[in-house]
Structures are given as C-alpha cells and as structure tokens.
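Visitor: Need a 3D model of the following:
(chains A and B)
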Amino acid sequence: MMATRHRRFLLSVFLVLLPWLVAGPPLRGQDHPRRIVSLIPAVTEMLFALGAGDRVVAVSSFDRYPPEVEKLQRVGALLDPDLERILSLRPDLVAIYGSQVDLRRQLDRAQVPVFVYSHAGLADVTTTLLQVGDRVGQRERARQLAGAIEAGLAETRQRVASRPRPRTLVVFGRESFTLRGIYASGGYGFIHDMVTAAGGDNIFGDVKREAVQATTELILARRPDVILELRADPLSLSDAKREVATWGQLGSVPAVRNSRVHIIQDARTVIPGPRVAEGVELIAGVLHGAR
Amino acid sequence: MTQRDANARTVGRRLTLTLVIFGGLTLAAILGAPLIGSTPISLTRVFDRSIPFADNTDAQIFFVARLPRTLAGALVGAMLASAGVVFQGLLRNPLATPFTLGVSAGAALGAMLAITFGWSLAWLGAPAAPLASFAGSLMAVAIVYALATARHHGLSTNVLLLAGVTMNAFFSALILFVQYFADFSETFRILRWLMGDLDISSYQPLVTALPLVAISFAVFAWLARPLNLLNLGADAAEARGLDVLRAQRAAFLSASLATGAAVSVGGPVGFVGIVVPHLVRLLVGADHRIVLPASALFGAAFLIGCDALARTVMSPLELPVGVITALIGGPFFLWLLVRRT
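Guide: This next block holds a predicted model:
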C-alpha cells in the first residue's frame, strides 16, 4: 500500500518534470528579455533610448514619453500595479520600484525576473542606465548614453560655475490658485541635485528630506531669489499667469518682487531618465539665461 | 427676590466670570501665537511704519503668515468646539462629535473630488477645494436631514445618528473610490488635507467664512436654553413649552453649517470637537448657557496653541495640526476622565 503510493508519487514527479528533462532547463539569464514591462517612466525612457523600445510590451499609467508608449498597454503604477494584467502579458522582465515589495514577491513566485529600481539622486541616473543596458544586452549603447549625459551635465555645470547662485525655492506641488499645501524639494533627491547642477542654491538644501512642506512663513523667512514651479502637466497660458500672480501675496520675497517666479512645464525636469541633462540645461536657462 | 431671579443672577455672574477667564485665555493665545514661530522676528520692525511693507520681511511674516493662521485657528477651533457641544446636546450622546453625522466625510469627498480632478475656479482665480468641501458638507447634511425627517413626525435623533454614521461610512467608501483614480502626488495632497492645515496665507478664507460663522453663533446663542431643556428628554422639554422640533432642527442645521465652514477653512481637524466640550464641562458644569461660550473660547485657544506647537516643535518642518490635537487631546482627556472617577 505504502509502496504503491510512493511509486505513484515518483511517477507523477517524473511526468511533471518530463518536458524539462527533454528540453533542458530554460535559458534564463543568458537570453535577453524580449517582453519587458516597465512601471517606471524613467526606465521606460531608458529602454527606448537604448533601442529596446520594441521589446517593451506595457508601461505604467503615468508614462507619456516617447510617443510610442501611447499605443502600449497600461498596467498600473507605484500604488496600483495590476499583477494579473502584468502576468497575462507573459513578460520576461518587469521593472518595478524598490518599495513594491509585495509585487516583487508575487513576481518572484511566478518566476518572472524583475529589475528593481530605486529612486535616488542625479548621479544614480547613469548608474541605473548602465544597469538597464546590461539587462537588455545594450551595454555599449548604455555606456555611450551615460557618457553623453555626464558630458551634458558637465557642460552645464561649467557654464554656470562662475555665476552667482540664486537662492531657489523648488516647488513641485501646491493647491491651485492659493499658496496652500506647498511641497518643495528638500536637500535629498534628484530634483535638488538637478537644481544644484543648474547653478541654483536650494533654500531647503539643509533639510535632509526629499520633500518639505513649505509654509508661507518659511518662504518669507528664507527669501528665495527665484521660485521654480516644476509641473509635469501643461497649464494654459492664462492659468499659468494667474498661478504666477498667486505668489504676489509674498511681496517681500525677492523672487516675487523681481518677477522671478517661473513655472516650468516640462517632463524632462521631473523624470530622472535619459533626458535629465536636457532638464538641467533647461533649469540653468531659467536661472542664468539661455546659452 | 424670587428664586428665579436669584438663579438668573447666579448664572449671569458665572457667565461673566467664565467669559473673563476663558476670554482672557483666548486673547492671550491670539496675541501670543503670532510672536512665535520657526523664524525669530522683531516686533519693533513689524510695526515700523518707516519701512515699506513690501520690503519688511518681519511684517510680512507677522501679517501674511502668522496672523491669518492664528485667526484661522481661533475660528476653526471655536466653531468645532461649539458645534461639538451642540451635537452632543442634540443627540444626547457624549460621544458625538462635529464629524459624527457625516459632515466632514461629505466635505472630504468634495475636497477630494476638487483635488483629484483638478477642478479649479479659474474664472475666479480661486482655489476650488474649500468651496467643494463646503458644498460636500451641505450635501451630506441635506441627505442626513432628509432621512431623519422622512418617515417620522418630527426629527428622530436615533435616525439622525444612524443615518449620519452610515453616510460617514458611505462617503468614506466613495472617497476610497475617488482616491483610486488619483495619482501619487494627489493622493498625498488628499491625505495631507485630511490631517488639517491652518496655513491659509491670506485673509480671504476667513472673510468668506465670516457670514456662516455669524449665523451659526447667533443660532448657538439662542440654542443654549433649548439644549438645557432637551437634556431632560424631548417629552419633558415639550412639557416645559419648548418647540422641540424647531430646536432640534436649528441645532442640527447650525452646528452642521459651522462644521462645514470650519472644515472648508482648515480641513477636518480632529479631536477639538470632543475634547474641548468635555474639558469645559468638567470645569464649569453642564449648563449650556455657560458651556457654549466657554467651549467656543477655549476651542479657539486650544487650537491656536496646538497649531503654535505644530509649527515650532520640529521646525523648520511642520507637523499637521490634527496630529497635535489628537496627541495632546487624547491623553489629556483620558487623564481627566480617570482623575474624575
């Protein structure tokens, strides 16, 4: 009785393993991924820049660039990744955020390889780019791109090196038409690094956090020379004018008095991807005048 | 001298005493709070007329950042605390808060819709969240009121309570539903809105809320005696000549209006509406003629104090004021509760 069950078990194990024994283990790791899902806009941009765009099968709900992504499937984002949809696409690489621990566990269980992205400073953009290049078998191209980014950054840095550094408030979130709920860049993260590289002096550089809730008092006290509002979504011209005028309440702030409140509506300034050097150049242009 | 006269005179004397003590406290808070903050400012510079206002950073910090904020704290604190008293009296339930009957959940839903879908009153150049939150609170009030009056002769406080609690849950579900469509930064802003924020950065929100405040407080003043009678039970109150339905209706609508206005200015700041009334009752007794004004004054002082703490304790970072009210109010309230029994 016992022996029969034992034999039956072995037989079933054999049957399950049969295809694998015949075909050999899958060539994972040697082959480069052909069906990539990216939940990170920056990584999506990198994949396309590396010439691996035709292998991307799905992107996050926030991907807008390059234009080719408009035709791709959307599979959620940081907070709401759609695991079923991701798995149904049979990806062989999924780029996820480091904080998506559950998603990572589920993908591991489904034996789908992941690329774990961590959000960090400007210097990490090229590191990530090289890692992505390695994963998709475009090491050389990645190296070239990284070199171009470094060169672009170095050029901007050098151009602004001798200029006085305006004290800059970098806003990346606020309620419309009022100075409430202002979120500004603190002294960590790539936006702080970008503004620094562009020749600005972040007024909240001493706050070792990515985001600071800036009260009107703090802004009045720290007296920025320039206020930069970074927005990924476009604003109509008349609304942009009104938004700039909203700052008029803080008349003693030099940026307000000298009409140096700027709204930058350009994804390059908020996505740490391959266009980041262009973003820095754009900010430098606002801070120090165009090249 | 009749018994009644003597009674009225005692109440009058106690009322005066309460107003002096609590009013002094509130006045001290209003005068003191603008002096402290993350940045040291010089009062002589603030009031120095020889420096043009546009160049006077100290004056701008005082008049643009701190004073509106302090006044917002006073207004929101006073309204939430007195609305708490009225709701507790109306529902005859010590656990009632201004947020029990769905007013804040409706307001939150309105604000959230405005934030998530980027509604803006561009033609007014005004922010949409406060208006949307006020509209949301009115909607919640209308629904709960309609339900509570639908099948009864009069206003059933039981139905009011149950309908309010249910609407709270229902709106919370809608909030989660809307939140699902919000992106990351919007979700963050919504969460931040829910924690309450008094940095209003202009006097406009206060001026807009002022008519609502005036109406609510006028009704509250009239409500003190009816609430005392309602405390005996609806039948007993009726027997003593109170138009119970009218009193209940006035209480519900005025307290809801005050709550809606408060939330539209400062977000749903928790705990003020329950801690302050109970604290005041422990100090001055249960007579609404004294509890109501004392709560309004103490609520103002309490919220101003909490906000001053919120903006200085971790400066330059700032804690949400709702966190402070709960962190201070909760344990303090429990201590009082235990000490008394």
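Visitor: Output the lowest mean pLDDT helix or strand found in chain B.
Guide: Lowest by mean pLDDT, DSSP states H and E among the helices and strands of chain B is helix B:184-194, with a mean of 78.
Visitor: So which residues on the stretch 51-200 of chain A come close to chain B?
Guide: Remark: the part of the stretch 51-200 of chain A in contact with chain B comprises A:61-62, A:77-80, A:172-173, A:175-181, A:183, using C-beta under 8 Å from any C-beta of the partner chain. The way it works is simple: take the backbone N, C-alpha and C, and place the C-beta from them, glycine included.
Visitor: hang on, the earlier thing: which strands and helices sit next to the helix or strand following the least confident helix or strand of chain B?
Guide: The helix or strand immediately downstream of helix B:184-194 is helix B:204-230, counting by DSSP states H and E. Other helices and strands packing on helix B:204-230, by 3 or more C-beta pairs under 8 Å, 6 or more residues apart in numbering or on different chains; DSSP states H and E, are helix B:67-91, helix B:234-239, helix B:244-266, helix B:288-312.
Visitor: looking at those helices, which is closest to chain A?
Guide: Each of the helices and strands packed on helix B:204-230 has some distance to chain A by C-beta to the nearest C-beta; the shortest is helix B:288-312, at 6.7 Å.
Visitor: For whichever helix or strand comes after that closest one, which outside residues touch it?
Guide: Next along the chain after helix B:288-312, taking DSSP H and E as the criterion, comes helix B:321-340. With C-beta atoms under 8 Å, 6 or more residues apart in numbering or on different chains as the test, helix B:321-340 has contacts from B:73, B:194-198, B:266-272, B:274-275, B:278-279, B:282, B:302-303, B:306-307, B:309-310, B:313.
Visitor: Please pick the buried ones from the residues you listed.
Guide: B:73, B:194-198, B:266-272, B:274-275, B:278-279, B:302-303, B:306-307, B:309-310 (16 or more other C-beta atoms under 10 Å in any protein chain shown).
Visitor: What residues does residue 168 make contact with?
Guide: Looking at chain A here, since you left the chain open. A:195, A:200-203, A:224-228, A:287.
Visitor: my question was about chain B
Guide: Contacts of residue B:168 (C-beta under 8 Å, 6+ apart): B:99-102, B:105.
Visitor: which of these come close to chain A?
Guide: Checking these against chain A (C-beta under 8 Å from any C-beta), there are no matches.
Visitor: hang on, the earlier thing: if we check chain A, which of the contacts of helix B:321-340 are in contact?
Guide: Contacts with chain A within the contacts of helix B:321-340, as defined by C-beta under 8 Å from any C-beta: residue B:197.
Visitor: What sits closest to residue 279 if chain neighbours are left out?
Guide: Since no chain was named, I'll use chain A. In space, and not counting its chain neighbours, residue A:279 is closest to residue A:268: 3.8 Å by C-beta to C-beta, 6 or more residues apart in numbering or on different chains.
Visitor: my bad, chain B
Guide: Nearest one to residue B:279, counting by C-beta to C-beta, 6+ apart, is residue B:336 at 6.5 Å.
Visitor: Neighbours of the one you found, how many?
Guide: Neighbour count of residue B:336, defined by other C-beta atoms under 10 Å in any protein chain shown: 15.
Visitor: again, but for residue A:144
Guide: Using other C-beta under 10 Å, residue A:144 has 13 neighbouring residues.
Visitor: Now do it against residue A:130, distance only.
Guide: Separation of residue A:144 from residue A:130 (C-beta to C-beta, to the nearest Å) stands at 11 Å.
Visitor: Give me the distance between stretch B:179-195 and the centre of its chain.
Guide: 23 Å (C-alpha atoms, centre = their mean, to the nearest Å).
Visitor: burial measure for the closest residue in space to residue A:64 that isn't next to it in sequence, as a count.
Guide: Distances taken as C-beta to C-beta, 6+ apart put residue A:267 closest to residue A:64, at 6.3 Å, once the chain neighbours are dropped. Neighbour count for residue A:267, taken as other C-beta under 10 Å: 19.
Visitor: what helix or strand is residue A:148 on?
Guide: Secondary structure from DSSP H and E places residue A:148 in helix A:139-161.
Visitor: Could I get the CA-only coordinates of the helix or strand that that helix is followed by as PDB?
Guide: Counting by DSSP H and E, the next helix or strand C-terminal to helix A:139-161 is strand A:167-173. Taking C-alpha atoms only, strand A:167-173 is exported to PDB below (Å, rounded to 0.1, in the frame of the first residue of the first chain):
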ATOM      1  CA  ARG A 167      18.700  81.100  -3.800                       C
ATOM      2  CA  THR A 168      16.000  79.000  -5.300                       C
ATOM      3  CA  LEU A 169      12.700  77.600  -4.000                       C
ATOM      4  CA  VAL A 170      11.800  74.500  -6.000                       C
ATOM      5  CA  VAL A 171       8.000  73.800  -5.800                       C
ATOM      6  CA  PHE A 172       6.600  70.500  -7.100                       C
ATOM      7  CA  GLY A 173       3.200  70.600  -5.600                       C
END
